[in-house]
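Chemist: Output the structure for:
(one chain, ligands or ions: 1)
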Amino acid sequence: MEDKKFARIIGYARVSTSRQANNGYNLDEQCKRIDQYVELFFDKGKYSLEIYRDAGASAKNLDRREMSKIMKMAKNKKFDILVIHNLDRLTRKVVDLGRLLTLFQENDIKLISIQERFDMNTTHGKLIANVLSSVAEWELETIRTRTQRAIIEAAEEGKYPKPRAPFGYRRDPEDNSHLIIREDQAEIVRHAFQIMIDGSMTEFEYALKLKQEKALGRKWCDKLLYKMIRNKIYYGTLELYGKDYPDCAPVIISKSDFAKANAMRSKSRTTVRHNYIYKNVARCSKCGSYLTLTCTTNSRGQVFLYYKCPTCNKSINQNLITEQVEPLFSDKLQEVKYKKDMVKIQQQYHLAKSQIKRLSYAYVKYCLDEETVSELVLAAEMNKGRLETDMQKLKRDVQTVNFMDLSRSERIDFYREYVDNISINFKSKDAKIHWKK
Ligand SMILES: [Zn+2]
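Modeler: Got it, this is the predicted structure:
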């Protein structure tokens, strides 16, 4: 080829029944054409050619013996060029073709289809590849919408349409679509709600207790309990795409207990200020020691939290630290959340935009039929509009993120990820954040 580099070429031939001929080409004839093509367009000694044959394999999916081998080799960049006789030897489904083309593009593999004169090395070939992957994306999206509709319908019939039964339940073996209570787990659910209601422990403490007891032989973290407390399924209601569907599971917790537990929980969240927030991160700027914790109570029962350097014997009130670090921590949290979510949305947004462009271009240049294109463009436009709304919503949401609202474990995660330490200067009462590099 033009760059005169050695090319590892793979050929692929397929027939659906062992004796069937395709457009007059059976397996042997396909192989012969591939051979001839390669001989004609590549210099002798500058390539290797190996042909894989799937006999008696249908093109309804990619689950074929030799095809799977080729896909695996593509993932490992084991060849440079794939030559086929015509495109439907690869697959008859646009979705699969799109997926294959993406795989090839990602691994720098060229696809040559002799009959269609399709060569991914040319701009023409690249464009077709792009259009095909757009169509594939759109088909996947349609499948997704269809699945979503099926899920909602199931929920309306009182079935549980999600793949995994929530903690406390198992699937009814009779019909596999309804939930029944799993008593050993349900007991923990009831206990967790009770603890929230009477305020005897935080979910962090309860998770710790379960962990120590190795309850049910599982791993326990407070996130799991936090999710449990908020899951409406325990009073039978399934929340799907922002809507509630009642009677999707047998009741473990009454609706009023659910409300009580959640009210208590948000109340305890606002009292987070009464914990030692800077435990294990506050250090003395002079000697580097980690600060120890002390507290005093005044005559009216008010609690004051202090951090003390055990070496220098100086201390500082927690509120003084909070005043200085809280705005910066909140900023950081907002930035992180914004970046992470925005990047995701923006990627999808640009994809939708380029999809629309590619489709209109393909329409003009390759005379795709109007109905198909307008349907595809409409779907992409709607998607784009939705993403624009998402971006605006994220911009608003992000402003409400506050460091003081973090749960204890979220705070620990935040420190672990971003904060090396807070160094306290006892003389000037300055708290300086040292971020992780
Ligand atoms: Zn010190």
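
Chemist: next structured bit after the longest helix seen in the chain?
Modeler: Taking DSSP state H as the criterion, the chain has its longest helix at helix 318-366. As assigned by DSSP states H and E, the chain's next helix or strand after helix 318-366 is helix 370-398.

Chemist: near the ion, which residues of this protein show up?
Modeler: Residues of the chain lying near the ion by C-beta under 5 Å from the ion: 284, 286-287, 289, 309, 311-312. Glycine gets a C-beta too; all of them are placed from N, C-alpha and C.

Chemist: Buried ones among those?
Modeler: Applying 16 or more other C-beta atoms under 10 Å to the residues of the chain next to the ion, the neighbour count classes 284, 309 as buried.

Chemist: Pop the domain breakdown of this structure in here.
Modeler: According to automatic domain parsing, the chain comprises the domains 7-141, 169-274, 319-435.

Chemist: Switch the ones you listed over to CSV; also include mean neighbour count.
Modeler: CSV is the format used below for the domains of the chain (neighbours: other C-beta atoms under 10 Å):
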stretch, mean neighbour count
domain 7-141, 17
domain 169-274, 16
domain 319-435, 15
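
Chemist: Let's have those in CSV, adding mean pLDDT.
Modeler: Compiled in CSV, those are given as follows (pLDDT from 0 to 100):
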stretch, mean pLDDT
domain 7-141, 81
domain 169-274, 83
domain 319-435, 82
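
Chemist: Turn the ones you listed into a markdown table, columns for distance to residue 153.
Modeler: Formatted as a markdown table, the domains of the chain follow (distance: least, C-beta to C-beta, whole Å):
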| stretch | distance to residue 153 |
| --- | --- |
| domain 7-141 | 19 |
| domain 169-274 | 10 |
| domain 319-435 | 21 |
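
Chemist: rewinding a little: in a markdown table: the residues of the chain next to the ion, plus pLDDT.
Modeler: As requested, the residues of the chain next to the ion are exported to a markdown table (pLDDT from 0 to 100):
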| residue | pLDDT |
| --- | --- |
| 284 | 96 |
| 286 | 95 |
| 287 | 96 |
| 289 | 94 |
| 309 | 95 |
| 311 | 94 |
| 312 | 94 |
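
Chemist: Now render the residues of the chain next to the ion as CSV, adding secondary structure and distance to residue 385.
Modeler: Shown next, in CSV, are those (DSSP: H, G, I helix; E, B strand; the rest coil; distance: C-beta to C-beta, whole Å):
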residue, secondary structure, distance to residue 385
284, strand, 54
286, coil, 57
287, coil, 58
289, coil, 56
309, coil, 57
311, coil, 61
312, coil, 60
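
Chemist: Which pLDDT value goes with the residue of the chain most remote from its centre?
Modeler: The C-alpha centroid of the chain is most remote from residue 299, which lies 52.4 Å away (C-alpha atoms, centre = their mean). For residue 299, the model assigns a pLDDT of 72.

Chemist: Could you check which residue of the stretch 1-150 of the chain lies nearest the ion?
Modeler: residue 106 (54.5 Å; C-beta to the ion).

Chemist: so what's residue 125 closest to, chain neighbours aside?
Modeler: Leaving aside its chain neighbours, residue 125 sits nearest to residue 119 (4.7 Å; criterion: C-beta to C-beta, 6 or more residues apart in numbering).
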